[in-house]
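Asks: What follows is a predicted protein model with its sequence.
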Amino acid sequence: MSAAGEERRALIVLLGVIYLMIAGFGLVIPLLPFFAQAFHAPAWQVTLLFSAFSVGQFIGEPFWGRLSDRIGRKPVLIITIAAVAVSYAGLAFAPNILVAFGVRFLCGVFAGNISTLQGAMADITAPEHRAARMGLMGAAFSAGFSTGPAIGGLLAQPSRGALGFQLPLLVAAGFALASALAVVVFVRETRPDVPPAPRPPRAARLREAFAHPVISRVVVISFIVVSGFAGIEATYGLWTERRFGWGPREIGLAFMGIGVLGALCQGLVTGRLVRSYGEARVLTAGLVIMAFGLVTQWLSPIWPVAMVGFGLVCIGQSICFPNLTALISRSAPPGRQGEMLGLNMSGMALARIGGPVFAGQLFSLVAPGAPFAFSALLILPALWFAAQVRRLAPRPG
């Protein structure tokens, strides 16, 4: 097979693995608020269930990213995805909310493999094409995230309490297991065969990353934006239940529609925009669209208007986040792709720890729509850093 054919095969296989893995993840996310309520958990405990996962992901992302740089992407993906499958099965049989917290934490540790997937995608892609390929990766994410919530919403039976969520959680475990088997059978090692570089102490590596003019600013943008969005994600089920009387089925269908929109944007639009305007300009445009979407959701009088806002946020994210990843990938040394991408994902996981907790307090103590307003405000400093990235980032080509 030619080099182009090998690259195309690797791309298709990786996208399939991502789709299966995220379908399981997406199946679980919209159900978590109702799953926690089955244990009579208040709003702050519901959001902590999201934060427990993020604490684990914060620990896992840099570890798996560095390990994949040393031993290869394939073994890391097999270990982590198989462990995620086991954790979903464990969550299905959690007897109380405390056990659920522990299982979600462990799930987050092993689900901290996104940087490994990003590193594998970067390994098989020329630097000038990475934003477009990250857009395709994002499209696979969105496709999985559109399938999973719809399945979860249809399978969940909230009237049965915690037992009513066992079937969708076991289906999520099945998706993850299928993804792990696909890696075993179809994925070839993609890590470049480069001589191992001397590894300075962790503190020195962090100082080096945050001294980099582009990587440091991109990591800060990711942290800021995800802090707000994670709060929205954690309270969305509670907000739609309070505002429109929605349950798991309606939320699952809404996420399905938004996931389809995201897949189309990332698969068909992001790459074209980057080729015309460059990563940094498209990143800025995505942030602006996200801000408009958040404000629209916050002020929406009826659910169709809220869905328009949700769609704008989805479009903004679809053209924003692939470019964050591409900018880091273009700026990182070849032998440290996984490590630098893992640093960014770790920062995003850290944002997902505090974001849901703060949003839960805003929801309970200020107003149900307050997390949307707060997230929109956070876009402003992100835009300031994006303007600096536009000046400092390497030019495409």
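Replies: Everything's here; your move.
Asks: show me the contacts for the residue nearest to A94 when sequence neighbours are not counted.
Replies: Nearest non-adjacent residue to A94, counting by Cβ to Cβ, 6 or more residues apart in numbering: A100, 4.3 Å away. (Glycine included, C-beta is placed from N, CA and C.) Applying Cβ atoms under 8 Å, 6 or more residues apart in numbering, we find A100 in contact with F35, A36, F39, L49, L91, A94.
Asks: you'd agree the last one is up against C107?
Replies: No. Assessed by Cβ atoms under 8 Å, A94 is found out of contact with C107, at 11.2 Å.
Asks: who has more neighbours, those two?
Replies: C107 (26 against 20; other Cβ atoms under 10 Å).
Asks: ok, the more buried one to N323 distance?
Replies: 28 Å (Cβ to Cβ, to the nearest Å).
Asks: and what of Q317?
Replies: Q317 is 11 Å from N323, where distance means Cβ to Cβ.
Asks: Now for those two: what residues contact both?
Replies: Common neighbours of Q317 and N323 (Cβ under 8 Å, 6+ apart) are G286.
Asks: Those two: which is more packed in?
Replies: Legend: neighbour count by other Cβ under 10 Å for Q317 and N323, higher for N323 (31 against 23).
Asks: mind checking which helix or strand the more buried one is in?
Replies: helix 303-331 (DSSP states H and E).
Asks: Remind me what the helix or strand that comes right after that helix packs against, helices and strands.
Replies: Next along the chain after helix 303-331, taking DSSP H and E as the criterion, comes helix 337-365. Where contact means 3 or more Cβ pairs under 8 Å, 6 or more residues apart in numbering; DSSP states H and E, helix 337-365 is packed against helix 43-71, helix 114-123, helix 202-211, helix 215-244, helix 303-331, helix 370-392.
Asks: by how many degrees do helix 337-365 and helix 215-244 diverge?
Replies: 30 degrees (axes from the mean of the first three to the mean of the last three Cα atoms, to 10 degrees).
Asks: buried set for helix 337-365?
Replies: For helix 337-365, a neighbour-count test (16 or more other Cβ atoms under 10 Å) marks 337-353, 355-364 as buried.
Asks: And for stretch 35-49?
Replies: Those would be F35, A36, Q37, A38, F39, A41, A43, Q45, V46, T47, L48, L49, for stretch 35-49 by 16+ other Cβ under 10 Å.
Asks: Next: stretch 247-259.
Replies: P248, R249, E250, I251, G252, L253, A254, F255, M256, G257, I258, G259.
Asks: Now, these that are in helices?
Replies: Judged by DSSP state H, the buried residues of stretch 247-259 include P248, R249, E250, I251, G252, L253, A254, F255, M256, G257, I258, G259 as members of helices.
Asks: possible to save these as CSV with distance to A111 and pLDDT?
Replies: Formatted as CSV, these follow (distance: Cβ to Cβ, whole Å; pLDDT from 0 to 100):
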residue, distance to A111, pLDDT
P248, 21, 75
R249, 25, 78
E250, 26, 83
I251, 21, 80
G252, 20, 76
L253, 24, 79
A254, 23, 82
F255, 18, 77
M256, 21, 77
G257, 24, 80
I258, 21, 78
G259, 18, 74
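Asks: ok, so of the residues you listed, who is nearest G293?
Replies: I258 (10.6 Å; Cβ to Cβ).
Asks: Skip the chain neighbours and tell me the closest residue to that closest one.
Replies: C314 (4.8 Å).
Asks: Quick one: residues contacting that neighbour.
Replies: So C314 contacts S142, I258, L261, G262, C265, G293 (Cβ under 8 Å, 6+ apart).
Asks: Among the contacts of A100, which ones are in helices?
Replies: Reading helices off the contacts of A100 with DSSP H, I get F35, A36, L49, L91.
Asks: Determine which two of the residues you listed are furthest apart.
Replies: A36 and L91 (11.1 Å).
Asks: Please name the nearest non-neighbouring residue to A10.
Replies: Per Cβ to Cβ, 6+ apart, closest to A10 is I124, 4.9 Å.
Asks: My guess is that neighbour contacts I12. True?
Replies: No. Look at I124 against I12 with Cβ under 8 Å: they stay out of range, at 11.0 Å.
Asks: The two: which has the busier surroundings?
Replies: I124 (18 against 11).
Asks: ok, that one to L14 distance?
Replies: 8 Å.
Asks: One more: G360?
Replies: 35 Å.
Asks: And G65, by the same measure?
Replies: For G65, the distance to L14 - Cβ to Cβ - is 16 Å.
Asks: got the contact list for W239?
Replies: Contacts of W239 by Cβ under 8 Å, 6+ apart are F363, P368, G369, P371.
Asks: so what's the third one up against?
Replies: Under the criterion of Cβ under 8 Å, 6+ apart, the contact partners of G369 comprise W239, R243, Q297, W298.
Asks: ok, now with 6 Å
Replies: Neighbour list for G369: W298 [criterion: Cβ atoms under 6 Å, 6 or more residues apart in numbering].
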